[in-house]
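[1] sequence first, predicted coordinates after that:
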Amino acid sequence: MLIWFSVFADWLVYDLLRLSNQTQLGQAVHFFVEDTSKIFALLIVMIYVIGFLRASLNVERVRQYLAGKPKIIGYGLGAGFGAITPFCSCSSIPVFLGFTSAGIPIGITMAFLLTSPLINEVAILLLFSLLGLKVTLLYLLTGVTIGMLGGALLDLLKAERWLQPLAAKAYAMGQQHSPRETLAKQSQSTSITWQQRHQFAKSETSEIFSRVWKWVIIGVGLGAALHGFVPAGWLEANLGDGQWWTVPLAVLMGIPLYANATGVIPVLESLLLQGVPLGTTLAFCMSTVAASFPEFVMLKQVMQWKLLALLFSILLASFTLMGWILNLVGY
Amino acid sequence: MKIEILGSGCKKCSNLAADVEQVAHELSMEFTIEKVTDMAIILEYGVMSTPAIAIDGNVVAAGAVPSHAEIKQLLNQASKA
């Protein structure tokens, strides 16, 4: 089915615009047209379908589900839920406080918070359609593992020591009441009709699409530039062997380039096509998406610098480690 | 009636505040509107997905920017209660 986008780009670029497929410009424009039309179409269909399925899942329900679960199971569930429930990054503080005050251990909350920006369902489906199952599974597996191990480590270090007074109060509140008791007061079960699901999915689609379309253009534009104008073999010659230092370098380069996952994936595709090893590429992608400065500034309201620095180091260390492992395994 | 918009002050929250204010004017209601960014108060309301709307101390919507029609319905319901 995806072949139609290639046919469309052939027609537009080679027949209508009369660009030659032998020139770098022709190839770059073709890549741009094919990828933007494909990604836009995929995005609209996928966000709608996911919205439809997800209409009844919200943060309150996730919290209710996580409360009272044993830690070991909780890390996995927290990271898993983080992967599938997106929330506006300005909600990260209310989510953090809400989970903490419900008596959910800090490690499980952090597993949720770490995984949520790292993995989002639109990015997963885009990765799958552009790069295939293997890369998608690796991305998913690494993201969830980073969330789980990060959460476990923070529990082990008793990270609740480094909370700001407001969050510490919420934590103490959560410890006094049993989780079930606190939640019984707040939980409300709501059933949802097909019509409401459709409305939710429709508004999600227009809201998310209007937010990410420019990132797609920027991402595909960068990808097209890489594709058409960086001399073939240059990146491969310089980064292709997966020398050990290229991975931390990619991670450090990714931080200031804070971007939307949707925009990074086309760049990812180009890097891989140019022969950059998968580990280096994924490390770059994850650091671009997850290690966001604005979010850290926001989290400062509930965490002390020590905890923020720790969190940041955990992220950077795990991206680097993951990049090394993937390069070593030779994917 | 006292309307509070709960949120950390992101774009969604200020859009919502503007929408609610407009609809309340259209319905010629008597109201005060306040943007609440204090996390301690938001925590007391038990809200985790912002922006949220609280009318006279009750949370009536959270985690989304409702449409004008939905806001109208929420305000009408609250004024009857």
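    Happy to help now that I have it.
[2] so A:Tyr14 is in contact with A:Asn21, correct?
    Yes: taking contacts as CB atoms under 8 Å, A:Tyr14 lies within contact range of A:Asn21: 5.7 Å. Every residue, glycine included, has its C-beta placed from N, CA and C.
[3] just checking, A:Ile47 touches A:Glu204?
    Yes: contact criterion CB under 8 Å: A:Ile47 and A:Glu204 qualify, at 5.9 Å.
[4] the two: which is more packed in?
    A:Ile47 (22 against 19; other CB atoms under 10 Å in any protein chain shown).
[5] the nearest residue to the more buried one once chain neighbours are set aside: what's it in contact with?
    The shortest distance from A:Ile47 to any non-neighbouring residue, by CB to CB, 6 or more residues apart in numbering or on different chains, is to A:Thr205 (4.6 Å). Each residue near A:Thr205 by CB atoms under 8 Å, 6 or more residues apart in numbering or on different chains is listed here: A:44, A:47-48, A:51.
[6] got any residues that touch both of A:Tyr14 and A:Asn21?
    Common neighbours of A:Tyr14 and A:Asn21 (CB under 8 Å, 6+ apart) are A:His30.
[7] more neighbours: which of those two?
    Between A:Tyr14 and A:Asn21, A:Tyr14 has the larger neighbour count (other CB under 10 Å), namely 15 against 10.
[8] tell me the secondary structure at the more buried one.
    Look at A:Tyr14: counting by DSSP: H, G, I helix; E, B strand; the rest coil, its state is helix.
[9] who are the contact partners of it?
    Shown in contact with A:Tyr14 (CB under 8 Å, 6+ apart): A:20-21, A:26, A:30.
[10] name the helices or strands packed onto the helix or strand bottoming out on mean pLDDT in chain B?
    Within chain B, no helix or strand scores below helix B:39-45, which has a mean of 84 by mean pLDDT, DSSP states H and E. Contacts defined by 3 or more CB pairs under 8 Å, 6 or more residues apart in numbering or on different chains; DSSP states H and E place helix B:39-45 against helix A:92-101, helix A:165-176, strand B:2-6, strand B:52-55.
[11] could you dump these to TSV with mean pLDDT and mean neighbour count?
    Formatted as TSV, those follow (pLDDT from 0 to 100; neighbours: other CB atoms under 10 Å in any protein chain shown):
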stretch	mean pLDDT	mean neighbour count
helix A:92-101	84	25
helix A:165-176	84	17
strand B:2-6	92	21
strand B:52-55	91	24
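[12] A:Met303 is nearest to which of those?
    helix A:165-176 (7.0 Å; CB to CB).
[13] low-confidence ranges, the stretch 101-250 of chain A, go.
    Applying pLDDT under 70 to the stretch 101-250 of chain A flags the ranges A:177-191, A:231-236, A:238-242.
[14] return the residues of it in contact with chain B.
    For the stretch 101-250 of chain A, the residues in contact with chain B (CB under 8 Å from any CB of the partner chain) are A:101, A:166, A:169-170, A:186, A:203, A:207.
[15] just those residues now: which is nearest A:Ala55?
    Nearest to A:Ala55 among these, counting by CB to CB, is A:Ser203 at 10.3 Å.
[16] name the element that closest one belongs to?
    Using DSSP states H and E, A:Ser203 falls within helix A:194-229.
[17] if we can go back for a sec, now tell me what touches the least confident helix or strand of chain B from outside.
    A:93-94, A:97-98, A:101, A:166, A:169-170, A:301-302, B:6-8, B:36, B:50, B:52, B:54, B:59.
[18] nearest residue to A:Gly254 other than its sequence neighbours?
    That would be A:Ser287: by CB to CB, 6+ apart, it lies 3.2 Å from A:Gly254.
[19] residue contacts, the one you found?
    A:250-255, A:315-316, A:319.
[20] what does B:Ser8 give?
    By CB under 8 Å, 6+ apart, the contact list for B:Ser8 reads A:90-91, A:93-94, A:298, B:37, B:39, B:50.
[21] dump those to TSV, plus distance to A:Trp213.
    Below are the contacts of B:Ser8 laid out as TSV (distance: CB to CB, whole Å):
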residue	distance to A:Trp213
A:Cys90	21
A:Ser91	22
A:Ile93	28
A:Pro94	28
A:Met298	25
B:Thr37	29
B:Met39	32
B:Thr50	24
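[22] quick one: the strands in chain B, in order.
    B:2-6, B:32-36, B:52-55, B:58-62 (DSSP state E).
[23] want to throw these into TSV with distance to chain A?
    Putting those into TSV (distance: least, CB to the nearest CB, whole Å) gives the following:
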stretch	distance to chain A
strand B:2-6	8
strand B:32-36	11
strand B:52-55	9
strand B:58-62	8
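[24] now render those as TSV, adding distance to B:Ser14.
    Listed next are those as TSV, based on distance: least, CB to CB, whole Å:
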stretch	distance to B:Ser14
strand B:2-6	8
strand B:32-36	8
strand B:52-55	13
strand B:58-62	16
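[25] what about residue 60, neighbour count?
    Just going to use chain A. Taking other CB under 10 Å as the criterion, the count of residues near A:Glu60 is 21.
[26] that's the wrong chain, I meant chain B
    18.
[27] so what's A:Ala224 up against?
    Per CB under 8 Å, 6+ apart, neighbours of A:Ala224: A:28-29, A:31-32, A:35, A:270.
[28] which of the residues you listed lies closest to chain B?
    Taking CB to the nearest CB as the measure, chain B sits nearest to A:Asp35 out of the contacts of A:Ala224, at 28.1 Å.
[29] wait, isn't the closest one in contact with A:Pro266?
    Yes: using CB under 8 Å, A:Asp35 is in contact with A:Pro266, at 5.4 Å.
[30] looking at these two, which one has more neighbours?
    Comparing A:Asp35 with A:Pro266 by other CB under 10 Å, the one with more neighbours is A:Pro266, at 29 against 24.
[31] for the closest residue to A:Leu130 other than its chain neighbours, give me its contacts.
    Leaving aside its sequence neighbours, A:Leu130 sits nearest to A:Glu269 (CB to CB, 6+ apart; 5.1 Å). Applying CB under 8 Å, 6+ apart, we find A:Glu269 in contact with A:35, A:130-131, A:223.
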